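Asker: sequence first, predicted model second:
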Amino acid sequence: MDWFGILAQSAETTSSGSEGNVALIEMFWKHAIGLGQLEAFMFISFGVVWLFYGWRVFKVLVVISFALLGLVAGMELAVRVQGINNRFAGGVVGMLTLAILSVPLMRWAVGLLGAFAGAIFTAGIWYAIGLDPRYILAGALIGMVGGGMISFIVFRIAVILFTSMGGGALVLTGGLALLYRYAPAKVTLENAVTNVRWVLPVALMVPLLVGLIAQHKFVKSSKEWEI
């Protein structure tokens, strides 16, 4: 898959309202089913590691997450700033910058990722229960504020929240790719994901909750875990 192209398209999806939300879901579905079998298994494997053992390797995951954010931001900035026409170079600079900054600012980075995870969680609930999609950013803002406050107060919760969200997203993406590959009714599956509003949020919440519960038990029983 063209990962630079996917990230660039994600950065450029700025449409508001229900049309923007539908376009984002359709874009996610398109890239999910574009995964090969090996890629799908890799997504699921890494997702399981995030879900159950993210608390042990969270520093590495934070650096990777901020590197990806920097990649998207750098490519977008390269397009918007006059005189910079190399999107790849802009992405590399942004990736290295945020990755390096995330190391000394680890606690702040984890708090921000926890806030983003909270935003995705509440935005998914907002969309799933049928509230006006034009104001979905309001739902995301509620989760971002709540998740950010909790993350900066209780560091372990931030770690568990963002690693569970990331793992759930990876498992969901790989699982949909495999399911679509072997499903007898591909059209039905596609219609369910793209047209039934609660399907995708619920499919994300299931592994997310599994990760939250499992990591909470692991962290609670681990005496050698270092922040």
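Answerer: On my side now, so go ahead. Residues are numbered from 1 along each chain as shown.
Asker: how far does stretch 62-78 sit from its chain's centre?
Answerer: On the basis of Cα atoms, centre = their mean, to the nearest Å, stretch 62-78 sits 13 Å off its chain's mean C-alpha point.
Asker: switch to numbering from 876
Answerer: All right, first residue 876 from here; so that's stretch 937-953.
Asker: ok, then the element right after the helix or strand hosting residue 992?
Answerer: Assessed by DSSP states H and E, residue 992 sits inside helix 981-1003. Next helix or strand after helix 981-1003 toward the C-terminus (DSSP H and E): helix 1011-1028.
Asker: that following helix vs helix 981-1003, what angle?
Answerer: 150 degrees (axes from the mean of the first three to the mean of the last three Cα atoms, to 10 degrees).
Asker: now do the helix or strand following helix 1011-1028: distance to the chain's middle.
Answerer: On the C-terminal side of helix 1011-1028, the closest following helix or strand by DSSP H and E is helix 1030-1057. How far helix 1030-1057 lies from its chain's middle: 8 Å, per Cα atoms, centre = their mean.
Asker: so, low pLDDT: which residues of the protein?
Answerer: Along the chain, the parts satisfying pLDDT under 70 run over 876-897, 957-960, 1098-1102.
Asker: one more pass at 80, please.
Answerer: By pLDDT under 80, the low-scoring segments of the chain are 876-899, 954-962, 1007-1009, 1058, 1060, 1095-1102.
Asker: nearest residue to the middle of it?
Answerer: Central residue of the chain (Cα atoms, centre = their mean): residue 1041, 5.1 Å from the mean position.
Asker: hmm, that one is touching residue 936, no?
Answerer: Yes - contact status for residue 1041 versus residue 936: in contact at 6.9 Å, counting by Cβ atoms under 8 Å. C-betas here are computed from N, CA, C, even on glycine.
Asker: which residues do these two both contact?
Answerer: Taking Cβ atoms under 8 Å, 6 or more residues apart in numbering as the contact rule, residue 1041 and residue 936 both touch 925, 929.
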